[in-house]
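*Asks:* Quick one: sequence plus predicted model below, questions after.
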Amino acid sequence: MTPAPPLLRPSPVATPPEPLVGTLIHRSSIVSAGRDDRALRRAAERGELVRVAPGTYVAATAWSRASPEQRHAVVVRATVARSSADLVVSHRSALAVHGFPLLAPMPSRTHVIHRARRTTQTTSLVVRHGAPLADEEVGSVDGLRVVRPLRAATDTARLDDLRSSVVALDHGLRQGAFDDAALRAAVEGAPLVGRRRALLALDLADASSESPGESLSRVVMVEIGVPLPQLQKEFWDRRGFIGRVDFWWPGLGVVGEFDGAMKYFELARRSGRSLDQVKIEEKKREDRIRALPEVSGFARWDWSTVNDPRQLALTLADAGVMPVASRR
């Protein structure tokens with residue numbers, strides 16, 4: 001359950017996470033400066049440096065603070081820097097560079113488009129996609145050539161699973177990286193391979209979804225066959241505005257809330273209140289919503305639940321949301 005809209009309203013423009021580019025240490029730079037590169041290996045052995053690609057290291061302290069997406073973006077940059085080919089970072093790798101959330105696990109290889117190739121080549125470090133790429137589809141992030149978010153999201157929706165795709169599309173729509181019309185045109189104009197999968201992801205995508213956990217929850221709801229809810233429903237009582245909830249099934253009178261691991265910490269940080277105060281206020285809001293005559297059920301779940309469809313089905317069933325076939 002979220003508080004008043006201004007508190008959690010995301011910024012209208014997508015902003016990449018703070019890059020770790022400045023912390024990259026290249027063996028070639030050390031050698032060209034006439035210094036002994038064995039110090040790099042010793043520092044890595046002591047845990048002071050992390051090897052992110054052959055000949056490239058990053059400070060362990062910076063690495064430990066980075067999100068999985070930031071770490072993949074660093075690996076991408078280090079990997080592409082080692083190649084002299086005409087490569088443009090693409091697919092989920094490009095989304096990570098642009099600051100999009102990715103579902104675990106992170107890509108095990110760096111994805112790039114190599115316009116000189118006609119087929120896809122996979123090595124231990126890189127997947128080189130042979131695909132047409134217009135100049136207007138290419139941008140730059142801190143000097144790294146990367147496909148723009150619209151192209152990256154379209155390719156991801158065509159080739160990745162539905163869960164990853166909807167998380168990416170929701171984020172891009174919410175942050176204004178692209179709009180629904182441009183996304184649909186891009187998908188419909190994409191190669192036939194994976195187009196049906198991308199169109200399904202597009203039909204599920206919704207800019208109102210405020211977090212990856214909410215996006216994933218909706219996909220799992222489709223998988224388990226429950227009706228899709230209304231998003232970001234506001235509730236009021238005679239005392240005024242209560243809060244905005246993640247999910248609302250109006251025909252069933254059921255509220256649903258996804259509680260991510262950082263939800264209460266983020267609320268505390270943004271509001272300036274203590275964690276205990278935030279939890280107390282959240283409980284008061286829930287009690288007010290439960291007291292409304294139109295509300296008959298209330299369900300909460302977290303990452304462990306949404307990653308286990310059976311558990312999410314049980315949680316929703318306990319609140320009164322059953323698979324469609326079960327209600328016939």
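*Replies:* Structure received.
*Asks:* Show me where this protein has its strands.
*Replies:* Using DSSP state E, the strands found in the chain span residues 24-26, 49-53, 56-59, 87-89, 110-114, 121-122, 126-129, 138-141, 144-147, 230-237, 240-249, 254-258, 297-301.
*Asks:* Tell me which of those strands sits most buried.
*Replies:* Highest mean neighbour count among those (mean count of other Cβ atoms under 10 Å): strand 110-114, with a mean of 26. Quick note: C-beta positions are derived from backbone N, CA and C, even for glycine.
*Asks:* Which other helices and strands does it contact?
*Replies:* Packing partners of strand 110-114 (3 or more Cβ pairs under 8 Å, 6 or more residues apart in numbering; DSSP states H and E): helix 68-81, strand 87-89, helix 91-97, strand 126-129.
*Asks:* cutoff 6 Å now
*Replies:* Contacts defined by 3 or more Cβ pairs under 6 Å, 6 or more residues apart in numbering; DSSP states H and E place strand 110-114 against strand 87-89, helix 91-97, strand 126-129.
*Asks:* and that strand, what's its mean pLDDT?
*Replies:* The average pLDDT within strand 110-114 is 96.
*Asks:* centroid residue for the protein?
*Replies:* Residue closest to the average C-alpha location in the chain (Cα atoms, centre = their mean): P101, at 2.1 Å.
*Asks:* Quick one: residues contacting R300.
*Replies:* Taking Cβ atoms under 6 Å, 6 or more residues apart in numbering, we find R300 in contact with E257, D259.
*Asks:* so what's it bridging to?
*Replies:* R300 has these beta-bridge partners by DSSP bridges: E257.
*Asks:* per-residue pLDDT, the residue lying farthest from the centre of the chain?
*Replies:* No residue in the chain has its C-alpha farther from the mean C-alpha position than G34, which lies at 42.4 Å (Cα atoms, centre = their mean). Predicted confidence (pLDDT) for G34: 71.
*Asks:* cool, A44 as well?
*Replies:* So A44 comes in at 89 (pLDDT).
*Asks:* Over to P101?
*Replies:* Reported pLDDT for P101: 94.
*Asks:* got a list of what T305 touches?
*Replies:* Here T305 is in contact with Q311, L312, T315 (Cβ under 6 Å, 6+ apart).
*Asks:* so where's the stretch 151-300 of the chain shaky on pLDDT?
*Replies:* 261-270 (pLDDT under 70).
*Asks:* the helices in it, which residues?
*Replies:* 162-175, 180-188, 195-204, 212-224, 263-271, 275-290 (DSSP state H, counting those that start in this stretch).
*Asks:* So which of those is the most surrounded?
*Replies:* Counting by mean count of other Cβ under 10 Å, the most buried of these turns out to be helix 162-175, with a mean of 24.
*Asks:* From the chain's centroid, how far away is it?
*Replies:* 7 Å (Cα atoms, centre = their mean, to the nearest Å).
*Asks:* Quick check: the residue lying closest to the residue nearest to the centre of the chain once chain neighbours are set aside vs P68, distance?
*Replies:* Closest residue to P101 apart from its sequence neighbours, by Cβ to Cβ, 6 or more residues apart in numbering: P212 at 4.4 Å. Counting by Cβ to Cβ, to the nearest Å, the gap between P212 and P68 amounts to 12 Å.
*Asks:* picking up where we left off before, looking at the contacts of T305, spot the one nearest H111.
*Replies:* Closest to H111 out of the contacts of T305 is L312 (30.1 Å), distances taken as Cβ to Cβ.
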